[in-house]
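> Predicted model and sequence follow; I will ask about them next.
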Amino acid sequence: MSHVPGMIQSIERSSAVLRLLAADPDRLRVKEVADALGLPKSTAHSILRTLEHVGFVEQDPRTARYRIGRGLLDLGTAGIDANELRGRALNWADTLAARSGEEVRLGVLRDGLVLVVHHVFRPDDSAQDLDTGVRLPAHATALGKVLLAYSATAAAPAGGLDAYTRRTVTAREPLAVELAAIRARGWGLSAEEWRPGLAGIAAPVRTSGGLVVGAIGIAGPVERLTDTRRQARPALVEQVVAAARSISREVQS
Amino acid sequence: MSYVLAIDQGTTSTRCILFDRRATVVSVVRAEHPQSYPRPGWVEHDAARIWRDVRRLMVKALRAAEVEPAQVAAIGIASQRETTVLWDRATGVPVAPAIVWQDTRVDASTIDPDLLKSRTGLPPATYFSALKIQWLLNHTPGLRERAERGEVLFGTMDSWLIWNLTGGRHLTDVTNASRTMLMNLSDLEWDPDLLRTFRIPRAMLPEIRSSSEVYGTAETVLPGVPIAAAIGDQQAALFGQTCFEPGEAKCTYGTGGFLLMNTGTTPVRSSHGLITTVGYRIGSERPVYALEGSIAIAGSLVQWVRDGLGLIGTASEIETLAGTVRDNGGCYIVPAFSGLFAPYWHSEARGVIVGLTSYITKGHLARAVLEATGWQTRDVVDAMNADSGLALTALNVDGGMTADNLLMQIVADFLQVPVVRPMVAETVSLGAAYAAGLAVDYWSDLRDLRANRHRAGSWKPALDSGRRATEYADWRRAVECAVLFSRP
Ligand SMILES: Nc1ncnc2c1ncn2[C@@H]1O[C@H](COP(=O)(O)OP(=O)(O)OP(=O)(O)O)[C@@H](O)[C@H]1O
Ligand SMILES: [Mg+2]
């Protein structure tokens, strides 16, 4: 295969592998792919394994042959099904709630809002209602700010930024600064920006290649989540980040 | 810091989970093993493969949490029940593929139901181990003679794993033994009359122990760590949900669905199609019994939609697909793949999809798949209410399917009671960990365990009662169709 200088060769080769698989009605062996593209078998194998890892090709476990994967067919749907994300997050969301003593939400960005896809109660057995399916304002919540920070286009949400409390960030410039800070440290805080007295800490859930597909966070009274200088308590931040990391691992496996 | 390691050897997958003293998950690793369907109605597992998975996962669970073997206080084993493994005592090699509980190759119609029920608490069904052992002894040349000489051993998965982990101890626990059709419920020993009836040599059976005691230490994988619990997966979930008081119940949704209610230290006989089974036994304490409503097919119907039909790519997508429609469009699925279990006990029934019109889309089918689990739950809860004379006021749930929000809402709607999920959805593993931890004083007593229990979520019924009644009547007619379509 010829290679154009300045281009990344492995991406060119991967594209050729995908075109080859897409063009063939049957599943292909590694050797067939290697021969068709004039690649060493080991190179073809590595490319196929990587493409399988990201969901763009699938291998039949019985015949070891490859074909185009569902990930490629669903390319438009943001990386992961929301219900699948909840399934993968279940254990770690529970652990986060048990350790932190606070309620836990898992959210994804939908039409500029946070869609809550999973909710775990605060472990104090008080009466609480399940929030799954509820939509929250993105710029006023920790979950939402994390999701905005890592989305390519939604960083400047359409429409106005409504004020929910006097601390809600409603101007674009300060919001952009804050989103950059979230990207730099890898987690977000909202202290009384949505509801008076309430704070949230959240961190991103990433699939392979670093793509953010959701955010997980805790919410609770501002005095429990932050110190007297309204800084997030480090122990809680660590728990949230650890949960996000565990879920990311689960999503990638 | 020390931990308890739980092994959950389930029907579709094996998990190893490390728990800390607060009963939170420290690491979890899992592997699916292949389901083999060599003929219609047959379901087999490769026990050697399962043991390899367990070995690998035990090591992986420790590595994932950076925990040393010396930090593991005990190992607890929860496992799929009834599935029958026969292996060579000398070589440790299985003599045939394991026959899975869902397998229907045997004929249960010749068993005397009264004798069986009075001795074991079980109805005649293809579900339990005895007929599977008998089938293997009858269909493998020379096997019966070898079994009589004590050269071939029987075990459910707990026995198979303990035998391998300890380098040759042949044991089982009361909960697993209560699913064989061979254990007498009153003295918790192998029943000589039943052994004679099924022509099963005593020499091949394991010794029956409690669910929570140190059986020995591991010789391999984690040498020196005590193996301190063995318990059937559904009973483990009852224990993990801390249903320690008579009247407390839970329903676990995995491959199948299993509603168990603690009935205290006396076995209660069902007159509405439930099973009487051992709930757990802690060391030399009195055994605690349970009533069980077993649903053979719950999550495995979703799996069939994924693997058999290819309508979805992952199990969770069933919820997404079902979410594309508002109702079932008149379509019902009765998943009698292994006959119908509780409360019907029709081994011959086969699955049906009814109510099809051109209006039905794959969304409606997905909805009917989830509703099948909802209605089957309703059937066993109604039976439980009738047997206990009390109406359940809330349903405690756990298992992989509780990740499905729509399903949990459907269950609440069909039962008309709130559905409650506890903080640890992996209750099977938690129960095994609890039973093992108690035996080595990692936890001190049942009160200590109960303190870890918290509500993580709940769903409230919202369906109007008229629609519920009509749809339930439709479901019952669909069940009649499945019975009508019995295997000749
Ligand atoms: N979101 C979902 N909606 C519906 N079904 C689901 C969902 N997620 C998983 N399942 C089903 O739940 C089952 C997995 O649950 P779980 O992990 O508790 O089972 P398991 O422990 O492997 O089963 P068992 O122990 O009974 O063998 C699978 O059959 C799968 O199809
Ligand atoms: Mg299970």
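Ah, there it is. Numbers count the residues shown, from 1 in each chain, chains lettered A, B, ... in the order given. Ligands and ions are numbered 1, 2, ... in the order given.

> which stretches of the stretch 51-200 of chain B form helices?
Residue ranges of the helices in the stretch 51-200 of chain B, as given by DSSP state H, counting those that start in this stretch, are B:113-120, B:129-139, B:143-148, B:157-166, B:174-177, B:192-198.

> So for the shortest one, mean pLDDT?
Averaged over helix B:174-177, pLDDT sits at 96.

> roughly how far is that helix from the heart of the chain?
Distance of helix B:174-177 from the chain centroid (CA atoms, centre = their mean, to the nearest Å) equals 12 Å.

> A:G133 belongs to a strand?
No: read with DSSP: H, G, I helix; E, B strand; the rest coil, A:G133 is coil and lies in no strand.

> Please work out how many residues are found near it.
13 (other CB atoms under 10 Å in any protein chain shown). (C-beta placed from N, C-alpha, C; glycine too.)

> Isn't it up against A:L115?
Yes: between A:G133 and A:L115 there is a contact under CB atoms under 8 Å: 7.5 Å.

> same question for stretch B:102-114, mean pLDDT?
88.

> buried residues in it?
Buried residues in stretch B:102-114, counting neighbours by 16 or more other CB atoms under 10 Å in any protein chain shown, are found at B:102-106, B:108, B:111.

> Among those residues, which one sits closest to A:E103?
Of all those, B:Q102 has the smallest distance to A:E103: 38.6 Å, by CB to CB.

> Identify the residues contacting the closest one.
B:11, B:43, B:255-256, B:296-297, B:300, B:337-338 (CB atoms under 8 Å, 6 or more residues apart in numbering or on different chains).

> cool, and A:R122?
Neighbouring residues of A:R122 by CB under 8 Å, 6+ apart: A:97, A:101-103, A:128, A:220.

> Mind checking which of those residues land in strands?
A:103, A:220 (DSSP state E).

> Including neighbour count, could the contacts of A:R122 go into TSV?
Output for the contacts of A:R122, formatted as TSV (neighbours: other CB atoms under 10 Å in any protein chain shown):
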residue	neighbour count
A:A97	25
A:G101	15
A:E102	25
A:E103	22
A:Q128	16
A:G220	19
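
> Which single residue in the stretch 51-200 of chain A comes nearest to ligand 1?
Per CB to the nearest ligand atom, A:G87 is where the stretch 51-200 of chain A lies closest to ligand 1, at 5.1 Å.

> So what's the residue count around that residue?
Using other CB under 10 Å, A:G87 has 23 other residues around it.

> Can you list phi and psi of it for me?
phi -60, psi -40 (degrees, to the nearest 10).

> wait, isn't A:H45 in contact with A:K31?
No: using CB under 8 Å, A:H45 is not in contact with A:K31; the gap is 9.4 Å.

> Show me which of these two is the more surrounded one.
When A:H45 and A:K31 are compared on other CB under 10 Å, the one with more neighbours turns out to be A:H45, at 16 against 11.

> what does the least confident helix or strand in chain A by mean pLDDT contact?
Every helix and strand of chain A was ranked by mean pLDDT, DSSP states H and E. The lowest is helix A:70-73, at a mean of 73. Taking contacts as CB under 8 Å, 6+ apart, the residues outside helix A:70-73 that touch it are A:18, A:54-58, B:313.

> Sketch out the low-pLDDT regions of the stretch 151-253 of chain A for me.
Across the stretch 151-253 of chain A, the ranges flagged by pLDDT under 70 are A:153-159.

> In it, which residue sits nearest ligand 1?
A:E250 (13.1 Å).

> so how many other residues sit close to the nearest residue to A:R206 once chain neighbours are set aside?
Take A:R206 and drop its neighbours on the chain: the residue closest to it by CB to CB, 6 or more residues apart in numbering or on different chains is A:S248, 4.6 Å away. Here the number of neighbours of A:S248 (other CB under 10 Å) works out to 24.
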